[in-house]
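**Student:** Let's see this in three dimensions:
(2 chains)
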Amino acid sequence: MAATLTGSNTKLRDDLIRLLGTERVMDSTLERHLYAKDAGVYIGNPTVVVMIETTEEVAQVVRAARHHGVPIVARGAGTGLSAGAVPEVGGVVLVTTRMNRIEEIDAENHTAWVGPGVINLDLSRATTPFGMHFAPDPSSQSACTVGGNIACNSGGPHCLSEGSTVNHILALEVVTDTGDVMIVGGGAPDPIGLDLRGILVGSEGTLGIVTRALVKLTPNPPDVRTMAVAFPDIEDAAATVSGIIAAGLIPAALEMMDQLMMQAIENWLHAGLPVEAGALLLAEVTGVTEAVEAEAEIITRIAHGNNALSVQVAVSPQEREILWKSRKSAFGAVAQAAPDYYLHDTVVPRTRLVEAMRQVYEIGQRYQITMMNVFHAGDGNLHPLMAFDASEPGRLDEVKAAADELVEICVEKGGVLSGEHGIGIEKRHLMPLLFTEMDLDAQARVKEAFDAGGVFNPGKVLPEGSRCFDFGRPVPEGAWV
Amino acid sequence: MGYQTPYAPTRSELSSCIQCGLCLPHCPTFRLTGKETDSPRGRLTAMTAVLDGVTGIDEVFTETISFCLGCRACEPVCPSMVPYGRTLEGARAEIAAQKGGAARRLRGWIMETWLGSPAIMRVITWATAMVQHTGLARIAPRRVRSGLRGLRHIGWRTASLRGRSFEPERAPVATVGLLTGCIMGPWFAEVHQASIALLVRAGYRVVVPSGQTCCGALAAHDGAADGAARLAVRNAAAFRAVDYVVANAAGCSAHLKDYHHWAPGDTLGEGWQVRDITELAAEAVEDGRLPRLEEGRGVVALQHPCHLRNAQRIITQPRVILEAAGYQTTDIDPVCCGAAGFYSILRPDTSARLGRDKADEIGRTGATLVASANPGCEMQLRSHLAGEYRVLHPVELYMQALSDAPEGQA
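**Tutor:** Alright, predicted model coming up:
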């Protein structure tokens, strides 16, 4: 798309500068280029980028954007992978990183009011003195924002036992498409009336802009055991996962990585991972000391029954930390294999992990793409990492084709499109694999109810034509560049 | 459009960034503004944009790159191991080459010729001592005054160490060549004395080659690349005969370790080995070549210079030395203190803000003794710490403890 500013956009920029000042409005070629993409592979074309600091400013920017007929795409740290924050059709990129105040921690009720720009890990660090943390822990938690977690309903290794972000949000302050401010949800665990909070979490910025959130804090467990179990191959590791769940245990986390992945991480981190092994299972159990010891014992026994090569239990917090660091930095280490990567996110029923993994490798071989695997084994959430070089002509298209095949095999097995990254641009064309026309129409009508003018993140999540009466574009023509 | 010098960031360096964003929260400038343009990922993307011709070296690019402190806090947290510091030097060399005005050229000339010349440094030292001794400092502008407060007490004249060598009592473990540096010699003479005494005690033969010059770090960080390369070549020749080159300023040891980017292979030779003094000292403590002294000397706040921690991954060594000296250490959060070489002069507001944050943090530790293994950080800390604080190099603290120790123990 052409990167030119039309007359009306110059007026938009002037209006935004009047509202926010020049330092907070960016529209040079380079600045727009830097906000054209997130951590994934899709590239958009922002018209103008604004740094906002207050709820009132968000409301003003929404009114200005509507007045000029341009859409708004909210963005936190830009660590998303499904292009939710990519301004595909231009418009205002509204950056929330400065709304990073932890306003109030209510230690008694285990809640906190936070700005959307608060970094996930900063929130957990700030609540450590109270013996609590924010449970969703995506791998990017050291950088990603709570606002982004809400938009994508993010998960993380510990959502096996704790559930994803939606389970940890009690209330939201939201700026609507009319530039009004509303609060949905409240302190009570079960919201009264229709659960708008549940609709907004995971809506990827398509329904409104979250400006504050009341989050639920989770007490830190009294004790924890983190174990690294090495296996000759993925099959044995997967069988162990099934065995653990079948034994009635729900560990805090059950993570797996394959050999290529371990090697890449080890190169960087020197964490002492068993790089000779075919697969590594990270298992974490939490609770009172007697319980975690008993559960660790059971896991060890099941692992040995499935040919485990070694079982290493982290004895110090430092050892535990480095195991988790190795897991959570996995996707970054992939650059050692090739200059670009595509980190996928699909889900299969846990019982079909092994056959799904075989097909993942088979697809990699067929497309000649290096597949490295690291995933939330406990809930069947696969994260194949495809390493490639986007400068080779046509390569990105091949990778995208391989990605689509990955989704198809997972859906065939009774899985779903996405575990925790969101749909964004990346997977919206695959939505019909999972949803009927009726389902999509219902979702499109929700979008319409919140944002009839299509100002918020247009074109994301729902494929074109989701609304049953739509045969063309789902948004009014000529509304933006 | 594009890049023009051999120092430019290369495609392979830049493409190792996969834009995951894990560096963002570790970047002091990103934490100040929250802007992608002020983050390591944004800067790397900007460098790639110039390489691809998306944009030229314009004002926005120059500001993006110049705002960076060069603290390299993004490097240890990068799972893709992007050589950020190298690309930054390359981008700055390009800005200097393509946009270099008279002021920048003058700066480059000063950084090569003045810092590289002991005679000129003597004159500067004499003038600074004059200001310090006569009370002229009192009428200096506020910023200059704050800078002057960071200095140690400077003597009128310092005996030159160049050309001298120091022998250990027994057969030497190795021969090390001490870099005297630009300001270290005249302004931090005590650190050199402590370093030499410590190295000799640890069994090293210490030589101070006379042909050496400034390491060139300040020039390289500012984009004065040709000057930096010439300084590197001179030092490569001067230190040819030693087993290790050793420096006691983190910025210098880090830059010397990067010489393979600056001096052509044939001038550097295969045996180019550089160690920071804290590495050699900690090794000697662990090998028993330096004694562990009695505990109970009190608490010292340990500042981690970026070019020690991030550029060289030297993290535990200063603590080993201080604990061997009998101190209890308390770590200060390793965010850049804002000194960052000439940054404190070029961007005083950002520098002062970070300096004040660091001083507040030290205040919270309750310690009044601070250890820093880099002269730039030391001066920055001292100029922002109000009250009775002492800021010294870990090696000095160790040697002081050693000289205080009873006969049998030392």
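
**Student:** now the strands: where do they sit in the stretch 201-350 of chain B?
**Tutor:** Secondary structure of the stretch 201-350 of chain B (DSSP state E, counting those that start in this stretch): strands at B:205-207, B:244-247, B:274-276, B:299-302, B:328-331.

**Student:** can you put those strands in a markdown table and add mean neighbour count?
**Tutor:** All C-beta spots, glycine's among them, are computed from the backbone N, C-alpha and C. As requested, those are exported to a markdown table (neighbours: other CB atoms under 10 Å in any protein chain shown):
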| stretch | mean neighbour count |
| --- | --- |
| strand B:205-207 | 21 |
| strand B:244-247 | 25 |
| strand B:274-276 | 24 |
| strand B:299-302 | 22 |
| strand B:328-331 | 15 |
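
**Student:** closest one to chain A among those strands?
**Tutor:** The closest of the strands of the stretch 201-350 of chain B to chain A is strand B:328-331. By CB to the nearest CB, the value is 14.1 Å.

**Student:** does any part of the closest one sit near chain A?
**Tutor:** No - legend: contact between strand B:328-331 and chain A by CB under 8 Å from any CB of the partner chain is lacking; minimum distance shown is 14.1 Å.

**Student:** Give me the mean pLDDT for that strand.
**Tutor:** Confidence over strand B:328-331 (mean pLDDT, whole number) is 96.

**Student:** With stretch B:297-317 instead?
**Tutor:** In this model, stretch B:297-317 has an average pLDDT of 96.

**Student:** again, but for stretch A:368-386
**Tutor:** What stretch A:368-386 shows for mean pLDDT is 89.

**Student:** And stretch A:308-316, by the same measure?
**Tutor:** Stretch A:308-316 shows a mean pLDDT of 92.

**Student:** which other residues reach it?
**Tutor:** With CB atoms under 8 Å, 6 or more residues apart in numbering or on different chains as the test, stretch A:308-316 has contacts from A:225-232, A:236, A:240, A:274, A:277, A:296, A:300, A:303-304, A:320, A:323.

**Student:** Among these, which lie within helices?
**Tutor:** A:236, A:240, A:296, A:300, A:303-304, A:320, A:323 (DSSP state H).

**Student:** Taking these together, which two end up most distant?
**Tutor:** Pairwise distances across those (CB to CB) peak at 23.7 Å, for the pair A:D236 and A:R320.

**Student:** Comparing the two, which shows the higher neighbour count?
**Tutor:** A:D236 (22 against 18; other CB atoms under 10 Å in any protein chain shown).

**Student:** my guess is that one contacts A:A279, does it?
**Tutor:** Yes - with contact defined as CB atoms under 8 Å, A:D236 counts as touching A:A279 (7.2 Å).

**Student:** Show me the shaky parts of the stretch 1-150 of chain B.
**Tutor:** Along the stretch 1-150 of chain B, the model assigns pLDDT under 70 to residues B:1.

**Student:** Let's see that with 80 instead.
**Tutor:** Low-confidence segments of the stretch 1-150 of chain B (pLDDT under 80): B:1, B:100, B:111, B:115-116, B:133, B:135-147.

**Student:** Contact distance from chain B - what residues of the stretch 51-200 of chain A qualify?
**Tutor:** Residues of the stretch 51-200 of chain A found near chain B, taking CB under 8 Å from any CB as the criterion, are A:51, A:77-79, A:95, A:97-98, A:100, A:117, A:119, A:121-122, A:140, A:142-144.

**Student:** can you do 7 Å?
**Tutor:** By CB under 7 Å from any CB of the partner chain, the part of the stretch 51-200 of chain A that sits against chain B consists of A:51, A:77-79, A:95, A:97-98, A:117, A:119, A:140, A:142-143.

**Student:** Please convert the residues you listed to a markdown table, extending it with neighbour count.
**Tutor:** Formatted as a markdown table, those follow (neighbours: other CB under 10 Å):
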| residue | neighbour count |
| --- | --- |
| A:M51 | 22 |
| A:A77 | 30 |
| A:G78 | 29 |
| A:T79 | 28 |
| A:V95 | 26 |
| A:T97 | 28 |
| A:R98 | 17 |
| A:G117 | 25 |
| A:I119 | 23 |
| A:S140 | 29 |
| A:S142 | 23 |
| A:A143 | 27 |
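
**Student:** of the residues you listed, closest to chain B?
**Tutor:** Nearest to chain B out of those is A:T97 (CB to the nearest CB; 3.2 Å).

**Student:** now the nearest residue to that closest one once chain neighbours are set aside: how far from A:A77?
**Tutor:** Among residues not flanking A:T97 along the chain, B:G34 sits closest, at 3.2 Å (CB to CB, 6 or more residues apart in numbering or on different chains). Going from B:G34 to A:A77 by CB to CB, to the nearest Å gives 9 Å.

**Student:** Between those two, which contacts overlap?
**Tutor:** With contacts defined as CB atoms under 7 Å, 6 or more residues apart in numbering or on different chains, the residues shared by B:G34 and A:A77 are A:T97.

**Student:** returning to that earlier point: list the contacts of the residue nearest to A:T97.
**Tutor:** B:G34 makes contact with A:51, A:95, A:97-98, A:117, according to CB under 7 Å, 6+ apart.

**Student:** could you redo the last one with a cut-off of 10 Å?
**Tutor:** Going by CB atoms under 10 Å, 6 or more residues apart in numbering or on different chains, B:G34 touches A:24, A:51, A:53, A:76-77, A:95-100, A:117, A:145, B:24.

**Student:** Those in strands, which ones?
**Tutor:** Using DSSP state E, the members of the contacts of B:G34 that fall in strands are A:51, A:95.

**Student:** Establish whether the lowest-mean-pLDDT helix or strand in chain A and chain B are in contact.
**Tutor:** Every helix and strand of chain A was ranked by mean pLDDT, DSSP states H and E. The lowest is helix A:330-333, at a mean of 78. Yes - contact between helix A:330-333 and chain B, assessed by CB under 10 Å from any CB of the partner chain, occurs at A:330-333.

**Student:** Near the single nearest residue of the stretch 251-400 of chain A relative to chain B, how many residues? Count them for me, please.
**Tutor:** Closest approach of the stretch 251-400 of chain A to chain B (CB to the nearest CB) occurs at A:G332, with a separation of 2.9 Å. For A:G332, the neighbour count with other CB under 10 Å is 29.

**Student:** which residues does the most centrally placed residue in chain B contact?
**Tutor:** Using CA atoms, centre = their mean, the residue of chain B that lies closest to the mean C-alpha position is B:G251, 1.8 Å off. Shown in contact with B:G251 (CB under 10 Å, 6+ apart): B:70, B:181, B:215, B:217-218, B:221, B:305-308, B:311, B:339-341, B:373-377.

**Student:** Among those, which are located in helices?
**Tutor:** Counting by DSSP H, the part of the contacts of B:G251 found in helices is B:217-218, B:221, B:306-308, B:375-377.

**Student:** can you tell me which two in the residues you listed are farthest apart?
**Tutor:** Most distant of the ones in helices among the contacts of B:G251, by CB to CB, are B:L218 and B:L308, 16.6 Å apart.

**Student:** pretty sure B:G150 contacts B:Y389?
**Tutor:** No - the pair B:G150 and B:Y389 fails to qualify as a contact (CB atoms under 10 Å) at a distance of 11.4 Å.

**Student:** what residues does the stretch 301-450 of chain A put near chain B?
**Tutor:** Contacts of the stretch 301-450 of chain A with chain B, taken as CB under 10 Å from any CB, map to A:325-326, A:328-336, A:338-341, A:343, A:387, A:389-391.

**Student:** B:P168 versus the spatially most central residue of chain A, what's the distance?
**Tutor:** In chain A, the centroid-proximal residue (CA atoms, centre = their mean) is A:H421; its distance is 3.4 Å. Separation of A:H421 from B:P168 (CB to CB): 60 Å.

**Student:** where exactly do the helices run in the stretch 301-450 of chain A?
**Tutor:** A:317-328, A:330-333, A:353-367, A:395-412, A:431-434, A:437-450 (DSSP state H, counting those that start in this stretch).
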